[in-house]
Every structure is written in C-alpha cells, then in structure tokens.
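Asker: Turn this into a structure:
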Amino acid sequence: MSEQMQRFASFAVRGDELVIGDTALSQLAARVGRTPFYAYDRALLAERVRQLRAALPQAISLHYAVKANPMPALVAHVARLVDGLDVASAGELRVALDAGMAPREISFAGPGKRAAELEAAVAAGILVNVESMRELQLLDDISNRLGVPARVAVRVNPDFELKSSGMKMGGGPKQFGIDAELVPEALADIRRRRLAFEGFHIFSGSQNLRAAAICEAQTKAFELALQLATFAPAPPRVINLGGGFGIPYFPGEVPLDLAPIGRNLAQLVQRAERETDGAQLVVELGRYIVGEAGVFVTRVIDRKVSRGEVFLVVDGGLHHHLAASGNFGQVIRKNYPVCNGTRVFGEPREVVSVVGPLCTPLDLLGDRVEIGAADQDALIVVMQSGAYGLTASPTRFLSHPEPIEVLV
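Answerer: Alright, predicted model coming up:
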C-alpha cells in the first residue's frame with residue numbers, strides 16, 4: 001500500500017478488502033445493487049464528533065454545516081451528535097427540521113436568500129444570519145405579516161481573512177455578510193424594526209490545516225464581535241466563530257492539531273464569561289465532521305492501454321465527484337487518495353489513471369496513481385469523499401444516472 005493510503009485510510013481493511021460500517025466493500029456493493037455510490041460510516045462520524053468534544057471546551061456549541069453533506073439520513077444521524085445545524089437554503093432547512101433538530105438551534109446563512117426562504121425561516125423560528133440591508137427590510141415585512149419577530153444575527157464580512165485557508169470567506173470585498181464598517185448601520189436598522197437581535201456570525205475561511213491560523217482568526221472574530229456589540233440593540237446571545245477546520249487530502253498534508261485550538265477556545269470562553277452578558281460561542285464545522293467518513297465507489301468498465309499507459313475507465317466521473325476531479329477550487333490538480341477496494345494492499349501494484357465515462361479529458365479521478373492491479377469490474381474507491389461530493393457535482397452533465405448514497 002502506498003504511503004498516501006497509509007496516511008489517509010480512515011477505514012478498516014479486512015482480508016485486503018476495505019470495510020465500511022463493518023461491511024466488506026464487495027458485500028456492500030451487492031447490497032446497494034449498482035455503482036457508482038457514496039457510502040458514509042456512522043461509527044466514523046460519531047468518532048469524529050467524540051474527538052471534537054474531547055478537544056474543545058464543553059461550553060463551546062458545536063454545529064454541523066449541512067452544506068457539506070445534506071444527505072437526510074446522514075444529517076439525522078449527525079443531528080443527534082451535535083448541538084445545532086447551519087443551513088444555506090430552504091431545502092436544507094427542511095432536511096434539518098426533518099432531522100429533529102430544535103428550531104432554536106438551526107441557523108440560516110447565505111448571500112442570496114429569497115423572500116420565500118426568509119418567510120419559511122421566520123415561520124419555523126430559526127435564526128437568520130442577515131447578509132444585507134435588503135434582508136432586514138424583507139424580514140421586517142415578514143415579521144409584521146406573521147406577527148412573529150424574526151430572530152436575526154448579523155453575518156459580518158471581517159477586515160481579516162483566515163490565513164492559509166483553501167477558500168477565503170472574509171476580508172476584502174466579498175459577497176458574504178455585511179462589511180464590518182457597515183455593521184453599526186445595520187444594527188441601528190435592526191433596532192428600529194420588529195426584529196429580535198441575537199448575535200453575530202463571523203466566518204473568514206475554510207479547509208485550513210494550520211491550527212495557529214485558526215486560533216488567530218477565532219480570536220480576531222471574537223474581538224470584532226465585542227467591538228460591534230457596543231452598537232447592538234441588545235447584548236449578543238450567540239457569537240458564531242465559524243469553522244475552517246481542514247482535513248488532509250494530498251501527500252505531505254498533516255492532519256489538523258486540535259489541541260491548540262481547544263486551548264485557545266478555552267481562553268475565549270473565559271473572556272466571554274467576563275466580557276459578555278452570557279454569549280454562547282459557536283464553532284460551525286462541515287467538512288471536518290463528515291469528510292473523512294465517506295467514500296466514493298465506482299466500478300471499472302474497461303481497461304485500456306494507450307501508448308504504454310494504463311487507463312481504468314470507470315462508471316463514475318467528475319459529474320458525480322467534481323472535487324476529486326480537481327475542478328472544485330484546486331489551482332493545481334492533485335489526486336485524492338484512491339485504491340482498489342478489494343485489493344487495498346495487494347500485489348502486484350500498478351500505476352494507472354482512473355477516468356470516468358464522459359467525453360472530456362477533465363473527467364479524471366486519479367492521475368497515474370499506484371493501486372493494487374485492477375481488472376474489469378474491480379471496485380475503485382476514492383477516499384476523503386464525505387464532504388462536497390454528490391451535491392457539489394454537475395450530475396446532469398451528459399445525462400448519466402446519479403449515484404446512490406448509503407449510510408452504513
């Protein structure tokens with residue numbers, strides 16, 4: 001087995017075969033009935049939340065960002081493990097409510113909320129992270145019509161970013177949130193309207209493996225919230241510090257060290273006790289909770305040799321797993337960890353390119369990766385596939401069937 005697989009393999013291997021939820025891959029494939037499919041491991045999800053609980057202060061409220069993976073069964077499972085859910089659409093809100101999470105522990109963020117989505121949010125009694133003055137006007141109208149004051153927090157576009165993050169969500173001009181220097185105006189507007197102010201949401205970046213950068217961003221977010229609270233119509237009840245916790249995908253990447261983050265958050269909890277009127281600190285995580293608990297499984301349709309290079313043509317491609325193809329934010333394409341699911345360690349080894357069935361050279365899931373030799377019908381597995389997989393992919397491209405998702 002390659003060094004990369006040794007580092008990234010979250011799943012057990014029995015008799016050289018990958019095991020998901022205590023079920024051998026070949027047996028699971030037979031149970032699912034066709035490929036490609038995504039499979040998520042319940043035990044790994046629970047273990048990741050347990051690790052977070054052990055590392056972070058008990059006073060921190062742990063939320064799951066549904067956008068990372070909105071599969072209803074998975075959300076229902078995770079909802080029992082965390083303290084709250086964060087959604088980014090009315091569709092995700094329905095999933096969150098169906099999962100049984102208390103409406104008071106659900107929040108809604110996103111820069112382009114439609115009027116109907118805001119009305120659904122107010123009617124459900126969830127917290128809306130306001131991202132524009134337009135939303136304040138709409139929420140005021142809805143509150144007056146329904147006779148219920150909308151619960152609102154201000155999403156702030158801070159004047160700093162999460163350094164070394166895969167995607168920067170704050171700092172500079174952004175479509176997300178209200179610029180920090182304009183937040184006092186928004187808070188004054190909230191004071192004038194029929195709205196129930198509850199706090200701040202400050203999210204500066206995602207997919208970060210540097211604990212020091214995350215600690216710095218969390219401290220800056222907390223201090224910015226304290227500054228803005230002086231303009232608020234009421235003391236903040238919640239300060240959402242965002243997330244940004246990354247997972248390793250590529251060779252050379254080291255897993256995030258939670259210990260310094262836990263220590264920094266413990267200091268912020270103490271400061272919150274001294275410097276706020278009981279504000280709850282929230283950490284909002286998506287990829288970190290689900291990313292390493294999922295795999296994408298696809299079957300070899302054809303084995304081709306072209307000018308000395310082996311190509312495994314599989315029945316799943318970028319239309320099913322855009323991120324693994326390198327077309328979901330990667331500047332320089334790198335391989336996700338890939339293996340032959342029934343010959344994980346096995347010999348002989350071979351170097352192959354795993355390609356999908358689409359008529360484009362972009363349909364590449366593994367570029368010259370070393371795996372156990374694979375023939376037609378072999379099950380090829382892409383690891384680290386629990387987050388931003390199916391729902392982040394252009395599934396209607398070329399009209400192939402969509403993959404199945406299972407929680408095991």
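Asker: can we go C-alpha only for contacts and neighbour counts from here?
Answerer: Noted.
Asker: could you pull out the helices for the chain?
Answerer: 3-8, 25-32, 42-55, 72-79, 90-98, 115-124, 133-146, 183-192, 211-229, 258-275, 287-290 (DSSP state H).
Asker: Which strand in the chain has the most residues?
Answerer: Identified as the longest strand of the chain according to DSSP state E is strand 294-306.
Asker: can you list the weak-confidence ranges in the chain?
Answerer: The model of the chain has pLDDT under 70 over residues 1-9, 161-174, 331.
Asker: Go again with 50.
Answerer: The model of the chain has pLDDT under 50 over residues 1-8, 163-170.
Asker: tell me the residue furthest from the middle of it?
Answerer: The outermost residue of the chain relative to its centre, with distances by CA atoms, centre = their mean, is Arg307 at 39.9 Å.
Asker: separation between it and Leu358?
Answerer: Spatial separation of Arg307 from Leu358 under the definition CA to CA, to the nearest Å is 21 Å.
Asker: Residues in contact with the longest strand of the chain: which ones?
Answerer: By CA atoms under 8 Å, 6 or more residues apart in numbering, the residues outside strand 294-306 that reach it are 35-41, 310-316, 321, 375-387.
Asker: Apply 7 Å and report the result again.
Answerer: Under the contact criterion CA atoms under 7 Å, 6 or more residues apart in numbering, strand 294-306 has outside partners 35-41, 310-316, 375-386.
Asker: Over to stretch 361-377?
Answerer: 299-303, 317-318, 324-325, 335, 338-340, 343-356.
Asker: This structure - how does it break down into domains?
Answerer: According to automatic domain parsing, the chain is divided into the following domains: 3-40+292-407, 70-285.
Asker: Make JSON lines out of those and add distance to Ala54.
Answerer: As requested, the domains of the chain are exported to JSON lines (distance: least, CA to CA, whole Å):
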{"stretch": "domain 3-40+292-407", "distance to Ala54": "18"}
{"stretch": "domain 70-285", "distance to Ala54": "9"}
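Asker: burial measure for Ser132, as a count.
Answerer: Taking other CA atoms under 10 Å as the criterion, the count of residues near Ser132 is 21.
Asker: And Leu358, by the same measure?
Answerer: 19.
Asker: Name the residues of the longest strand of the chain that are buried.
Answerer: Within strand 294-306, the residues scored as buried using 16 or more other CA atoms under 10 Å are Gly294, Val295, Phe296, Val297, Thr298, Arg299, Val300, Ile301, Arg303.
Asker: Chain neighbours aside, what residue packs nearest to the fifth one?
Answerer: Spatial nearest neighbour of Thr298, chain neighbours left out: Pro36 (4.4 Å); criterion: CA to CA, 6 or more residues apart in numbering.
Asker: Test my guess that the one you found contacts Asp315.
Answerer: Yes. With contact defined as CA atoms under 7 Å, Pro36 counts as touching Asp315 (6.3 Å).
Asker: what about burial for the contacts of strand 294-306, which qualify?
Answerer: Among the contacts of strand 294-306, those scoring as buried are 35-41, 310-316, 378-386 (criterion: 16+ other CA under 10 Å).
Asker: thinking Gly326 is in contact with His319, fair?
Answerer: No. Between Gly326 and His319 no contact is recorded; they are 11.8 Å apart, counting by CA under 7 Å.
Asker: For these two, indicate the residue with more neighbours.
Answerer: In this comparison of Gly326 against His319, neighbours counted by other CA under 10 Å, the higher total goes to His319 at 26 against 21.
Asker: measure the more buried one to Ser393 for me?
Answerer: Applying CA to CA, the value for His319 to Ser393 is 5 Å.
Asker: With Gly242 instead?
Answerer: Following CA to CA, the distance that separates Gly242 from Ser393 is 24 Å.
Asker: Quick check on the two: which one has the bigger neighbour count.
Answerer: Of the pair Gly242 and Ser393, Gly242 is the one with more neighbours under other CA under 10 Å, namely 23 against 19.
Asker: In the sheet, which residues pair with Glu284? Tell me.
Answerer: Beta-bridge partners for Glu284, by DSSP bridges, are His63.
Asker: That one is in contact with His63, isn't it?
Answerer: Yes. Under the criterion of CA under 7 Å, Glu284 makes contact with His63 at 4.7 Å.
Asker: the more surrounded of these two?
Answerer: Neighbour tally, Glu284 and His63, criterion other CA under 10 Å: the higher count belongs to His63, 26 against 23.
Asker: tell me which residues form a beta bridge with Arg151?
Answerer: Going by DSSP bridges, Arg151 is paired in beta bridges with Leu127, Ala196.
Asker: Now for it, how many residues are close by?
Answerer: Going by other CA under 10 Å, the residues that sit close to Arg151 add up to 23.
Asker: Check Pro158 too.
Answerer: In terms of burial, Pro158 registers 26 neighbours under the definition other CA under 10 Å.
Asker: So the residue nearest to Thr298 versus Val75, what's the distance?
Answerer: Applying CA to CA, one obtains 21 Å for the distance of Pro36 from Val75.
Asker: got the phi/psi numbers for Pro251?
Answerer: For Pro251, the backbone dihedrals are phi -50, psi 140 (criterion: degrees, to the nearest 10).
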